[in-house]
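*Asks:* Take a look and give me a structure for this.
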Amino acid sequence: MGVFGGQGMSVAVRPLLHLLVGLVLYEVAEMMAVPALVDKVTAALCPADGRSCPEAIYLTGLQASADVVEPSKRATAFGFITGIASASHALGDIFTRFLPKSWIFQVSVILLICSVLYMKIFLVETLQRAPSSPSQHSSLSALVIRVPQQRWESIKENINIFKNSESLRRIAYVDFFYKLGMSGVIDVRLYYLKSVFGFDKNQFSEILMVVDIGSIFSQILVLPLISHVIGEKGILCVSILASISYAFLYGVAWAWWVPYFSSLFGIIFVMARPAIHAIISREVLSTDQGKAQGFIATVQSVAIMLAPLFMNPLTSYFISEEAPFNCKGFSFLVASAVLAISLFFAWRLNPKCRDEFTEVAVSDEPNDEALQAPLLA
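*Replies:* Now for the predicted structure:
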């Protein structure tokens, strides 16, 4: 029946069907605009007679399920979801490759609207809200005071979960430095390729398709197999090592074909994301899954916000004529060093399973943990 099992896969994915349809529409719309956006930005900001345009790179700074799956199979489940996202990215790249430039953004906006409408109509709310009593309804002034206090208490609970676990603290360090390095690379790579090698939207979409199509197979088929051999920690270390190689090759790229070759490492490093989520889900109790995953999402957001602060100026400086030495991809070498720090923390991880599989999310009986009062009740 396979590692995850056909019937098991169907049971796990069926409740997520409408969510996945909305996700596909959103990811296709988002991804198909990315390669074309580089051409649009550089056409607006850069001179027509030259390919070098460091100014465009600064604009990238503005762009800035565990309860229903057994712990031993969570890496597979996360891999399936991220594999669906990769398939959507590949479809978006195909649209970019063959649609006229004048249609790309219109089609992207239409798909984004369809994504929102589809989820609004078909997606069922699974959160069971606690019934509100008349005493819970407060004046606006009381809400202004009470809501920030509630949010602050929630933030402190999330922080305490990570403070009390050495493994969770380390995975937070891993994810921060990994996201810091990879966000920096992803933010500027297309502008770098256009400036240094003169790539256009067709070549961008070809490079992205290599990663996205390969990622479908690596996350849905390969990851479930190797997770039982080397575990989530092994997958994470191999993925980060591949991301270091990816950034390093961009940094020393001496010919137009090197970025195409380095994109092959993208087939491997995409497995870092499901591995991180799987490790976190095994480290916390089922009642703390949302808090832990939410905290790590905050860590990622901070890294995404900080990445352009060092990556964009470095890239812009070293592709300009004022660079102190001839190394146009120096910023990518810096990013690979940041990723090496992430690998150091990943190597020291000792993941454990803190909770046995429970049927909390699929139970017909509501419990106190599942009930949440409306934020503005």
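
*Asks:* From the contact counts, what lies against the helix or strand hosting residue 109?
*Replies:* If you go by DSSP states H and E, residue 109 is part of helix 101-122. On a contact count with 3 or more Cβ pairs under 8 Å, 6 or more residues apart in numbering; DSSP states H and E, helix 101-122 meets helix 17-45, helix 74-98. Every C-beta, even on glycine, is put in place using the N, C-alpha and C of the backbone.

*Asks:* What are the buried residues along the helix or strand where residue 196 lies?
*Replies:* Assessed by DSSP H and E, residue 196 sits inside helix 166-197. Buried positions in helix 166-197, judged by neighbour count with 16 or more other Cβ atoms under 10 Å: 167-168, 170-197.

*Asks:* So for the helix holding residue 109, what gets flagged as buried?
*Replies:* In terms of neighbour count (16+ other Cβ under 10 Å), helix 101-122 has its buried residues at 104-105, 107-108, 111-112, 114-115, 118-119.

*Asks:* okay, that helix in PDB with CA atoms only?
*Replies:* Provided in PDB are the C-alpha atoms of helix 101-122 (Å, rounded to 0.1, in the frame of the first residue of the first chain):
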ATOM      1  CA  LYS A 101       2.600  39.700 -21.400                       C
ATOM      2  CA  SER A 102      -0.500  41.800 -21.700                       C
ATOM      3  CA  TRP A 103      -2.700  39.000 -20.400                       C
ATOM      4  CA  ILE A 104      -0.600  37.700 -17.500                       C
ATOM      5  CA  PHE A 105      -1.600  40.200 -14.800                       C
ATOM      6  CA  GLN A 106      -5.200  40.200 -15.800                       C
ATOM      7  CA  VAL A 107      -5.400  36.400 -15.600                       C
ATOM      8  CA  SER A 108      -3.500  36.400 -12.300                       C
ATOM      9  CA  VAL A 109      -6.000  38.800 -10.700                       C
ATOM     10  CA  ILE A 110      -9.000  36.800 -12.000                       C
ATOM     11  CA  LEU A 111      -7.600  33.600 -10.400                       C
ATOM     12  CA  LEU A 112      -6.900  35.400  -7.100                       C
ATOM     13  CA  ILE A 113     -10.500  36.600  -7.000                       C
ATOM     14  CA  CYS A 114     -11.700  33.000  -7.800                       C
ATOM     15  CA  SER A 115      -9.600  31.600  -5.000                       C
ATOM     16  CA  VAL A 116     -11.200  33.900  -2.400                       C
ATOM     17  CA  LEU A 117     -14.700  33.300  -3.700                       C
ATOM     18  CA  TYR A 118     -14.200  29.500  -3.900                       C
ATOM     19  CA  MET A 119     -13.000  29.300  -0.300                       C
ATOM     20  CA  LYS A 120     -15.700  31.600   0.900                       C
ATOM     21  CA  ILE A 121     -18.400  29.500  -0.700                       C
ATOM     22  CA  PHE A 122     -17.100  25.900  -0.100                       C
END
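
*Asks:* For stretch 153-163, which outside residues touch it?
*Replies:* Stretch 153-163 has contacts (Cβ atoms under 8 Å, 6 or more residues apart in numbering) with 168-169, 172, 284, 288, 291-292, 294-295, 298.

*Asks:* buried subset of these?
*Replies:* Buried members of the contacts of stretch 153-163, scored by 16+ other Cβ under 10 Å, are 168, 172, 284, 288, 291-292, 295.

*Asks:* Which ones among these map onto helices?
*Replies:* Using DSSP state H, the subset of those located in helices is 168, 172, 291-292, 295.

*Asks:* now, which of these sits nearest residue 350?
*Replies:* Closest approach between these and residue 350, by Cβ to Cβ: residue 168, at 11.4 Å.

*Asks:* And that closest one, how far from residue 347?
*Replies:* Distance, residue 168 to residue 347, by Cβ to Cβ, to the nearest Å: 16 Å.

*Asks:* can you check residue 291 too?
*Replies:* Separation of residue 291 from residue 347 (Cβ to Cβ) stands at 26 Å.

*Asks:* In the stretch 51-200 of the chain, where is pLDDT below threshold?
*Replies:* Along the stretch 51-200 of the chain, the model assigns pLDDT under 70 to residues 51-89, 123-143, 158.

*Asks:* My read is that residue 244 contacts residue 341, right?
*Replies:* No. Using Cβ atoms under 8 Å, residue 244 is not in contact with residue 341; the gap is 10.3 Å.

*Asks:* Counting neighbours around each, name which of the two comes out higher.
*Replies:* Taking neighbours as other Cβ atoms under 10 Å, residue 244 and residue 341 compare with residue 244 leading, 21 against 17.

*Asks:* which residues sit in contact with residue 237?
*Replies:* Residues near residue 237 by Cβ under 8 Å, 6+ apart: 343, 346-347.

*Asks:* would you turn those into CSV with distance to residue 313, pLDDT and neighbour count?
*Replies:* CSV is the format used below for the contacts of residue 237 (distance: Cβ to Cβ, whole Å; pLDDT from 0 to 100; neighbours: other Cβ atoms under 10 Å):
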residue, distance to residue 313, pLDDT, neighbour count
343, 25, 95, 20
346, 28, 92, 27
347, 31, 92, 14
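
*Asks:* Can you list which of those are found in helices?
*Replies:* Counted as lying in helices by DSSP H, out of the contacts of residue 237, are 343, 346-347.

*Asks:* which one of these is nearest residue 260?
*Replies:* residue 343 (24.6 Å).

*Asks:* The closest one against residue 239, yeah?
*Replies:* No. If you go by Cβ under 8 Å, residue 343 and residue 239 don't touch, sitting 9.6 Å apart.

*Asks:* Against which helices or strands is the host helix or strand of residue 210 packed?
*Replies:* Using DSSP H and E, residue 210 falls within helix 201-217. For helix 201-217, the packing partners by 3+ Cβ pairs under 8 Å, 6+ apart come out as helix 17-45, helix 74-98, helix 166-197, helix 257-262, helix 266-269.
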